[in-house]
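S.K.: turn this into a model:
(chains A and B)
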Amino acid sequence: MSYTLAAVLGVGFAAGLDLAVLRTKLLRRKVFWASYAVILVFQLLVNGILTGQRLVVYASADIIGWRVAYAPVEDLLFGFSLVLQTLAWWVWWGRRGVS
Amino acid sequence: MRYLAVMLCCVVVTLPLELRLHARVYRRWRRLLLTLAPVLAVFVTWDALAIHAHDWSYRHLTGLRIGDLPIEEIVFFVVVPICSLLTLEAVRRLRPSWQAGDER
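M.R.: Alright, predicted model coming up:
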């Protein structure tokens, strides 16, 4: 279960970064959800390859056990957190005029 | 090698977004590096803890390491953010009216 807990905390951390720290508020923007939908499709594909071919293996005691396209559901939360943090920093630096 | 091959595929497949659709992610390399730095810091820490706690493990690695981390990990946390940014900027090219918050 520890990966489950870490994944949920990871999503919370990313949401806090986006909404409260950087105040990019991507979670409220159409462009974020449209992009995430596209990313999710490719994530499932790549994750399916990495996990399906057993290039990455998980400790069964640490995950809740629900799987989507071979990958544990925790990977979706982990991926969401990674994507949201990345896009939030990108927009934040763009706002500050970095190019 | 297989893990790195999958990552290389991700880079190649998304390259047209930069070259054809003019996502301008690689071109804005300063902004890209400044974005990758905090993300890498957070996730490399998470990953090191997870591997330490045996949440997951890897097979078919090249064996190359940077410090304690397999090279595949660093590559993953660089490639996935780049692909995500290319997707965001490509969506913005196709839907210019959707605001992301950095318009000037």
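S.K.: the strands in the chain, which residues?
M.R.: No chain specified, so I'll use chain A. For chain A, the strands defined by DSSP state E occupy A:56-58, A:67-68, A:71-72.
S.K.: nope, chain B please
M.R.: For chain B, strands defined by DSSP E occupy the ranges B:56-58, B:65-66, B:69-70.
S.K.: quick check, pLDDT for the nearest residue to B:L88 once chain neighbours are set aside.
M.R.: Excluding the flanking residues, the one nearest B:L88 by C-beta to C-beta, 6 or more residues apart in numbering or on different chains is A:S35, at 4.4 Å. Every residue, glycine included, has its C-beta placed from N, CA and C. Confidence at A:S35, expressed as pLDDT, is 98.
S.K.: report the contact partners of A:S35.
M.R.: Residues in contact with A:S35 (C-beta atoms under 8 Å, 6 or more residues apart in numbering or on different chains) are A:87, B:84, B:87-88, B:91.
S.K.: how about the residues you listed in TSV, adding pLDDT?
M.R.: TSV is the format used below for the contacts of A:S35 (pLDDT from 0 to 100):
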residue	pLDDT
A:L87	98
B:S84	98
B:T87	98
B:L88	98
B:V91	98
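S.K.: quick check, nearest of these to A:L17?
M.R.: When these are compared for distance to A:L17 (C-beta to C-beta), A:L87 wins out at 10.5 Å.
S.K.: list the residues that contact that closest one.
M.R.: Neighbouring residues of A:L87 by C-beta under 8 Å, 6+ apart: A:24, A:26, A:32, A:35, B:84-85, B:88.
S.K.: so what does the residue of chain B found nearest chain A look like in phi/psi?
M.R.: Across chain B, no residue is closer to chain A than B:D102, which sits at 3.3 Å (C-beta to the nearest C-beta). Phi and psi for B:D102, reported as degrees, to the nearest 10, are phi -110, psi 20.
S.K.: distance of the residue lying closest to it once chain neighbours are set aside from B:R104?
M.R.: Closest residue to B:D102 apart from its sequence neighbours, by C-beta to C-beta, 6+ apart: A:G94 at 3.3 Å. The gap separating A:G94 from B:R104 is 8 Å, by C-beta to C-beta, to the nearest Å.
S.K.: the two: which has the busier surroundings?
M.R.: Each of A:G94 and B:R104 has its neighbours counted (other C-beta atoms under 10 Å in any protein chain shown); A:G94 has more, 19 against 5.
S.K.: is it true that the more buried one touches B:Q99?
M.R.: No: between A:G94 and B:Q99 there is no contact, the gap being 11.9 Å when judged by C-beta atoms under 8 Å.
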